[in-house]
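A.B. asks: Using only what follows, build the 3D model:
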Amino acid sequence: MGMVVGKKGVKSDINITPYIDILLVLLIIFMVASPLRKHDEEVRVPQPPPPNQEKVKTDFIVVEIGSDLSIRINQQPVTLDALGEKLFEIYRARANKNMFIRGDAGLPYGEVFKVLDIAKRSGVGDIALLSQEGPVKSPQNVKGSR
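C.D. replies: Model prediction:
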């Protein structure tokens with residue numbers, strides 16, 4: 001902002017050049033000093049498991065419905081009438097209440113819905129549906145339904 005009074009009068013301008021110089025010097029000082037600052041939190045990188053450690057057994061529960069309407073829980077055959085009791089027994093003391101239902105794509109939806117209904121009444125939390133071709137990888141890769 002400038003104020004001019006006449007040609008030879010008082011001229012009042014704010015000179016901001018020294019302020020810009022100070023600002024740039026401070027910016028350079030902070031840019032140089034910033035990487036030198038130590039952080040209190042150490043970085044922990046996950047390590048691979050030792051080679052002699054046993055494989056951890058996954059605790060996924062997979063209910064398979066065959067094309068002939070046979071039902072298996074983790075490859076163990078079970079009847080539709082005993083399915084509710086067996087699932088209640090499995091999920092009674094478990095913290096992980098996730099379950100997978102794998103079935104043939106040609107199955108009638110009503111048969112799959114019966115298994116879904118029995119599972120929900122037995123205490124299962126989240127249920128994911130899988131096709132017969134898809135292998136079970138991990139719960140993070142499969143979307144669940146409620």
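
A.B. asks: where's stretch 120-129 relative to the chain centroid, distance-wise?
C.D. replies: In this view, stretch 120-129 has its centroid 19 Å away from the chain centroid, taken as Cα atoms, centre = their mean, to the nearest Å.

A.B. asks: pull the CA atoms of that stretch into CSV?
C.D. replies: Presented in CSV, the C-alpha positions along stretch 120-129 are these (Å, rounded to 0.1, in the frame of the first residue of the first chain):
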residue,chain,number,x,y,z
LYS,A,120,-28.1,-68.5,11.7
ARG,A,121,-30.2,-70.2,14.4
SER,A,122,-27.2,-72.1,15.6
GLY,A,123,-25.2,-69.0,16.4
VAL,A,124,-23.1,-68.4,13.3
GLY,A,125,-22.3,-64.7,12.9
ASP,A,126,-21.1,-64.1,9.3
ILE,A,127,-21.7,-66.5,6.4
ALA,A,128,-20.0,-66.4,3.0
LEU,A,129,-21.2,-68.3,0.0
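
A.B. asks: per-residue confidence for Arg146?
C.D. replies: At Arg146 the predicted local confidence, pLDDT, stands at 41.

A.B. asks: now Asp59
C.D. replies: In this model, Asp59 carries a pLDDT of 76.

A.B. asks: Verify the assumption that Ala82 is located in a helix.
C.D. replies: Yes: counting by DSSP: H, G, I helix; E, B strand; the rest coil, Ala82 is located in a helix.

A.B. asks: any idea how far Leu107 is from it?
C.D. replies: 20 Å (Cβ to Cβ, to the nearest Å). Where you see a C-beta, it was placed from the backbone N, CA and C, and this is true even at glycine.

A.B. asks: try Pro18
C.D. replies: Distance of Pro18 to Leu107, given as Cβ to Cβ: 81 Å.

A.B. asks: Could you check which of the two has the larger neighbour count?
C.D. replies: Using other Cβ atoms under 10 Å, the more surrounded residue of Pro18 and Leu107 is Leu107, with 15 against 8.
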